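# predicted model follows, preceded by the sequence.
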Amino acid sequence: MRPADPEGTAEIGYVFAPDVAGRGYATEACRPLLALAFEELGVHRVMGRLDARNGASARVLERLGMRLEAHFVEDDWFKGEWTSTLVYAMLDREWRAGRPSLDSPTSR
Ligand SMILES: CC(C)(COP(=O)(O)OP(=O)(O)OC[C@H]1O[C@@H](n2cnc3c(N)ncnc32)[C@H](O)[C@@H]1OP(=O)(O)O)[C@@H](O)C(=O)NCCC(=O)NCCS
């Protein structure tokens with residue numbers, strides 16, 4: 001987790017060894033990080049961004065209750081091709097409510 005910027009947004013990210021994938025460890029590990037951000041550090045918003053093709057990562061953020069906020073189309077040149085980016089986020093009040101409280105215009 002990167003520290004909150006002056007506007008109060010922190011970014012969450014993760015990389016797990018392939019041999020421990022598919023057991024729920026990533027989701028389990030991220031929950032206390034969100035708790036740390038919102039309950040200890042006073043962060044206003046936590047966001048996560050990922051390659052739009054990374055379904056496993058998107059499912060982690062969705063299981064955490066984060067909202068899909070944006071789908072940037074071919075916004076990044078990566079490894080010799082244009083790739084698209086998804087941005088998920090959660091606000092402090094959504095964390096406190098225990099569920100997303102805002103409708104996402106791009107929710108799937
Ligand atoms: C992104 C990444 C962390 C996701 O890992 P993951 O193993 O799919 O995520 P989790 O550890 O939360 O595991 C959840 C999966 O385990 C399954 N699972 C199996 N047993 C489980 C259990 N006992 N409890 C919870 N989930 C379980 C879930 O059904 C879920 O599968 P699904 O997503 O196909 O529905 C991993 O793919 C990774 O490290 N990738 C490379 C780096 C990367 O892409 N990072 C993100 C960059 S944005």
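It's in.
# what ranges do the strands span in the chain?
For the chain, the strands defined by DSSP state E occupy 9-11, 45-51, 67-78, 81-91.
# quick one: strands adjacent to the shortest one?
The sheet places strand 9-11 alongside strand 45-51 (parallel), with pairing taken from DSSP bridges.
# circling back: deepest of the strands of the chain, which one?
With neighbours defined as mean count of other Cβ atoms under 10 Å, the strands of the chain peak in mean count at strand 45-51, which reaches a mean of 20. All C-beta atoms are positioned from the backbone trio N, CA, C, and that covers glycine.
# need phi/psi at the residue in the chain positioned nearest to the ligand.
Nearest residue of the chain to the ligand: Gly24, at 2.3 Å (Cβ to the nearest ligand atom). Main-chain dihedrals, Gly24, degrees, to the nearest 10: phi 90, psi 0.
# any idea how far Met1 lies from Val87?
According to Cβ to Cβ, to the nearest Å, Met1 stands 16 Å off from Val87.
# err, Ala35, not the other one
Per Cβ to Cβ, Ala35 is found 21 Å from Val87.
# which of the strands of the chain sits closest to Pro18?
Each of the strands of the chain has some distance to Pro18 by Cβ to Cβ; the shortest is strand 45-51, at 16.4 Å.
# and the closest one, does that touch the ligand?
Yes. With Cβ under 6 Å from any ligand atom as the criterion, the ligand is reached by strand 45-51 at Leu50.
# low-confidence ranges, this protein, go.
For the chain, applying pLDDT under 70 flags the ranges 3-4, 99-108.
# at 80 instead, please
Along the chain, segments meeting pLDDT under 80 span 1-7, 99-108.
# contact residues of it facing the ligand?
13-16, 21-27, 50, 54, 56-57, 59-60.
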